[in-house]
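A.B. asks: only geometry, no sequence info:
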């Protein structure tokens, strides 16, 4: 049976800005209302021991984090199956995680964490590279981080969905996912995607589809391939516009792509999607799934060992962008099998694109 945890945040009083909204007027050009710079410090080595993790961070020197990602090096051979994403999400200082009380947990975050975990095998090639999407807008000059969490999953191969929802009268800019503890080596987030807190999307169990606009929620799917663990927790993070901003004219467009695979043991699959003419890339998401994630409730991929190795801003060929890139327009997901084949498995990627009014 599918499990779901849905956070319905306390209603915050929204103060409407008195100034006219720059993005709302049709046919008028407003240059540079949205700009984005991607920051990355490069790779952090590890984990170097089994059933452990390594945490690293990317930091915005200017602007606010609207989203972020991670890209891993895994080496070759069967030991490459042991490196997987354990988490990707916002931080107030580059080290502290939001893991306490649920609800609004952060304001104007400027750091993004990338956390790599290991299963029962490691090799010297393991590393994780974090990416922060640093967002500057003349309109959305404050952001709020909303977190939700739930215990689990502890059951083998049954995903647990956790959804964080933005307050009313705000817009979703991005999000992230996390599972703990690292010593449960088969535990990992296998999906992190935009969605809606409505019946059409089963309150977060169906992902936002290609072409949909203004999702209000972010879902994380925790997955425990081997089962076990008594303190397992799955976290979802939503990055939302802040208080006192009239966002009635803002459009955040979703772009999504799904491909089949990977199906062969110890292999990976990448899938890339771009913004096209729908504004600037502000964030993205990734999943390895049972497929059809935008039309049916999320289902597990075909194998217990299936996992994510990357979700990051990229060029059109799926190559990660470099530090300081200002023209990233694509998002890439990198998925991977474990030590056995994986039938009926799909790889998914999402890009969130903000209309800059130009």
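C.D. replies: Good, I have the coordinates. This structure is a prediction, so every number in the text was calculated from the model and none was measured.

A.B. asks: From here on, just use CA atoms for contacts and neighbour counts.
C.D. replies: OK.

A.B. asks: so residue 220 makes contact with residue 188?
C.D. replies: No. Counting by C-alpha atoms under 8 Å, residue 220 stays clear of residue 188, with 10.2 Å between them.

A.B. asks: Next, show the common contact partners of those two.
C.D. replies: Counting by C-alpha atoms under 8 Å, 6 or more residues apart in numbering, the shared contacts of residue 220 and residue 188 are residue 178.

A.B. asks: Quick check: chain neighbours aside, which residue is closest to residue 314?
C.D. replies: The spatially closest residue to residue 314, leaving aside those adjacent along the chain, is residue 320, at 4.2 Å (C-alpha to C-alpha, 6 or more residues apart in numbering).

A.B. asks: burial measure for the one you found, as a count.
C.D. replies: Here the neighbour count serves as a burial measure; for residue 320 (other C-alpha atoms under 10 Å) it reads 21.

A.B. asks: List the contacts of it.
C.D. replies: In this structure, residue 320 makes contact with 71, 312-314, 332, judged by C-alpha under 8 Å, 6+ apart.

A.B. asks: From residue 39, how far out is it?
C.D. replies: Distance, residue 320 to residue 39, using C-alpha to C-alpha, to the nearest Å: 11 Å.

A.B. asks: Can you report how many residues neighbour residue 168?
C.D. replies: The criterion is other C-alpha under 10 Å. On that basis, residue 168 has 13 neighbouring residues.

A.B. asks: what's the answer for the one 10 residues further on, then?
C.D. replies: Using other C-alpha under 10 Å, residue 178 is surrounded by 29 other residues.

A.B. asks: swap in residue 153?
C.D. replies: Counted with other C-alpha under 10 Å, the burial measure for residue 153 works out to 28 neighbours.

A.B. asks: isn't there a strand covering it?
C.D. replies: No. Counting by DSSP: H, G, I helix; E, B strand; the rest coil, residue 153 is not part of a strand but coil.

A.B. asks: can you give me the strands in the stretch 151-300 of the chain?
C.D. replies: Secondary structure of the stretch 151-300 of the chain, counting by DSSP state E, counting those that start in this stretch: strands at 160-165, 172-180, 187-195, 217-224, 233-241, 252-260, 268-274, 280-289.

A.B. asks: rewinding a little: now, the most widely separated pair of the contacts of residue 320?
C.D. replies: Of all pairs drawn from the contacts of residue 320, the greatest distance, 10.5 Å, lies between 71 and 314 (C-alpha to C-alpha).

A.B. asks: Mind checking which of those two has more residues around it?
C.D. replies: In terms of neighbours (other C-alpha under 10 Å), residue 71 is the more surrounded of residue 71 and residue 314; the figures are 27 against 23.

A.B. asks: OK, contacts around that one?
C.D. replies: Here residue 71 is in contact with 128-130, 309-312, 320 (C-alpha under 8 Å, 6+ apart).

A.B. asks: same thing with residue 45?
C.D. replies: Counting by C-alpha under 8 Å, 6+ apart, residue 45 makes contact with 54, 125-128.

A.B. asks: ok, 6 Å please
C.D. replies: The neighbours of residue 45, taking C-alpha atoms under 6 Å, 6 or more residues apart in numbering as the test, are 126-127.

A.B. asks: Against residue 85, how distant is it?
C.D. replies: Relative to residue 85, residue 45 is positioned 14 Å away (C-alpha to C-alpha).

A.B. asks: now residue 259
C.D. replies: In this structure, residue 259 lies at 20 Å from residue 85, with C-alpha to C-alpha as the measure.

A.B. asks: now do residue 77
C.D. replies: When residue 77 is compared with residue 85 (using C-alpha to C-alpha), they lie 18 Å apart.

A.B. asks: These two: which has the busier surroundings?
C.D. replies: Comparing residue 77 with residue 85 by other C-alpha under 10 Å, the one with more neighbours is residue 85, at 28 against 11.

A.B. asks: In stretch 117-129, which residues are buried?
C.D. replies: If you call a residue buried by 16 or more other C-alpha atoms under 10 Å, then stretch 117-129 has these buried ones: 117-123, 125-129.

A.B. asks: Need the residues that contact it.
C.D. replies: Under the contact criterion C-alpha under 6 Å, 6+ apart, stretch 117-129 has outside partners 42-46, 50-53, 70-75, 79, 82-86, 116, 185.

A.B. asks: Just confirm residue 79 is within a strand.
C.D. replies: No. The assignment for residue 79 by three-state DSSP gives helix, which leaves it out of any strand.

A.B. asks: and it, how many residues sit next to it?
C.D. replies: By the measure other C-alpha under 10 Å, the count of residues near residue 79 is 21.

A.B. asks: Could you find the closest non-adjacent residue to it?
C.D. replies: If the residues on either side of it in the chain are set aside, residue 79 comes closest to residue 121, at 5.2 Å by C-alpha to C-alpha, 6+ apart.

A.B. asks: what does the average pLDDT come to for stretch 102-113?
C.D. replies: Summarised as a single mean, pLDDT over stretch 102-113 is 98.

A.B. asks: Give me the contact list for that stretch.
C.D. replies: Everything outside stretch 102-113 that qualifies as a contact, by C-alpha under 6 Å, 6+ apart, is 9, 56-60, 64-65, 88-92, 94, 132, 142-148.

A.B. asks: Would you work out how far apart the start and end of it are?
C.D. replies: End-to-end distance of stretch 102-113: 19 Å, with C-alpha to C-alpha as the criterion.

A.B. asks: quick one, what contacts residue 82?
C.D. replies: For residue 82, the contacting residues are 118-119, 121-122, by C-alpha under 6 Å, 6+ apart.
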